[in-house]
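**Student:** the sequence and its predicted three-dimensional model are supplied below.
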Amino acid sequence: MDKYITTPLDDSIVNDLHAGDMVYITGTIYTARDAAHLRMYNTLRENKPLPFDIKGNIIYYMGPSPAREGRPIGSAGPTTASRMDKYTPELLDLGLKGMIGKGKRTEDVKSAIIRNNAVYFAAIGGAGALLSKSIQTSKVIAYDDLGTEAIRELEVKDFPVIVVIDSEGNNLYETAIEKFKK
């Protein structure tokens, strides 16, 4: 089922999303990959605030290519989510409501998704140029020295994703396999 949502996310939005739903996100999302997650983790260890308020927000695991003339960003495809799994449960416990990436997540992440009423979306790998068309603005807000791994604030309109793990723990990667077997 196609659903259109606006960020930030709250429980009512998240509760209405189910594994397999095609979702179009409009609003603000943030990018962060491996190096940015490590910095955020270390920032939390130092009892300092994160560079953005993660409560109700979505992190997109993406490192963009340089912007073409007249565009806010270059190709903007997802990266493998499992590389962020060691940091994700803590971020979810702090209020993160959604993540966008590709690939499977650990049981610890799935448990944290359920515990925190959150959601994991997948963006289509290999379609970075197409995905970038939904990005209206892009600005670095933290860790500029990380280059493509800096944290960016993106304004998106109808950014296409699929719900992979919903707030009840239903996992499209598992249910799709079972459905295919039949």
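**Tutor:** Received the coordinates, thanks.
**Student:** in this protein, which strand is the longest?
**Tutor:** Longest strand in the chain, counting residues (DSSP state E): strand 151-165.
**Student:** which stretches of the protein form strands?
**Tutor:** Using DSSP E, strands in the chain cover 2-6, 22-31, 58-60, 98-101, 119-122, 135-142, 151-165.
**Student:** will you turn the ones you listed into JSON lines that also has mean pLDDT and mean neighbour count?
**Tutor:** Quick note: C-beta positions are derived from backbone N, CA and C, even for glycine. Listed next are the strands of the chain as JSON lines, based on pLDDT from 0 to 100; neighbours: other C-beta atoms under 10 Å:
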{"stretch": "strand 2-6", "mean pLDDT": "97", "mean neighbour count": "13"}
{"stretch": "strand 22-31", "mean pLDDT": "98", "mean neighbour count": "20"}
{"stretch": "strand 58-60", "mean pLDDT": "98", "mean neighbour count": "27"}
{"stretch": "strand 98-101", "mean pLDDT": "98", "mean neighbour count": "27"}
{"stretch": "strand 119-122", "mean pLDDT": "98", "mean neighbour count": "24"}
{"stretch": "strand 135-142", "mean pLDDT": "94", "mean neighbour count": "16"}
{"stretch": "strand 151-165", "mean pLDDT": "97", "mean neighbour count": "21"}
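**Student:** so which of these is nearest K48?
**Tutor:** Comparing the strands of the chain against K48 with C-beta to C-beta, the closest turns out to be strand 135-142 (11.8 Å).
**Student:** pull up the pairing partners for the closest one, direction included.
**Tutor:** strand 151-165 (antiparallel) (DSSP bridges).
**Student:** and the strand it pairs with, how far out from the chain middle?
**Tutor:** Counting by C-alpha atoms, centre = their mean, to the nearest Å, strand 151-165 is centred 7 Å from the centre of its parent chain.
**Student:** can you check stretch 30-45 too?
**Tutor:** For stretch 30-45, the distance to the chain centre is 14 Å (C-alpha atoms, centre = their mean).
**Student:** quick one: buried residues of that stretch?
**Tutor:** Within stretch 30-45, the residues scored as buried using 16 or more other C-beta atoms under 10 Å are Y30, T31, A32, R33, D34, A35, A36, H37, L38, R39, M40.
**Student:** which of these sits closest to Y60?
**Tutor:** Once C-beta to C-beta is applied, the member of the buried residues of stretch 30-45 that ends up nearest Y60 is T31, at 5.0 Å.
**Student:** the nearest residue to the closest one once chain neighbours are set aside and A127: what is the separation?
**Tutor:** Spatial nearest neighbour of T31, excluding adjacent residues (C-beta to C-beta, 6 or more residues apart in numbering): R152 at 4.3 Å. According to C-beta to C-beta, to the nearest Å, R152 stands 19 Å off from A127.
**Student:** same for the longest helix along the chain, what does it pack against?
**Tutor:** As assigned by DSSP state H, the longest helix anywhere in the chain is helix 34-45. Using 3 or more C-beta pairs under 8 Å, 6 or more residues apart in numbering; DSSP states H and E, the elements in contact with helix 34-45 are helix 88-93.
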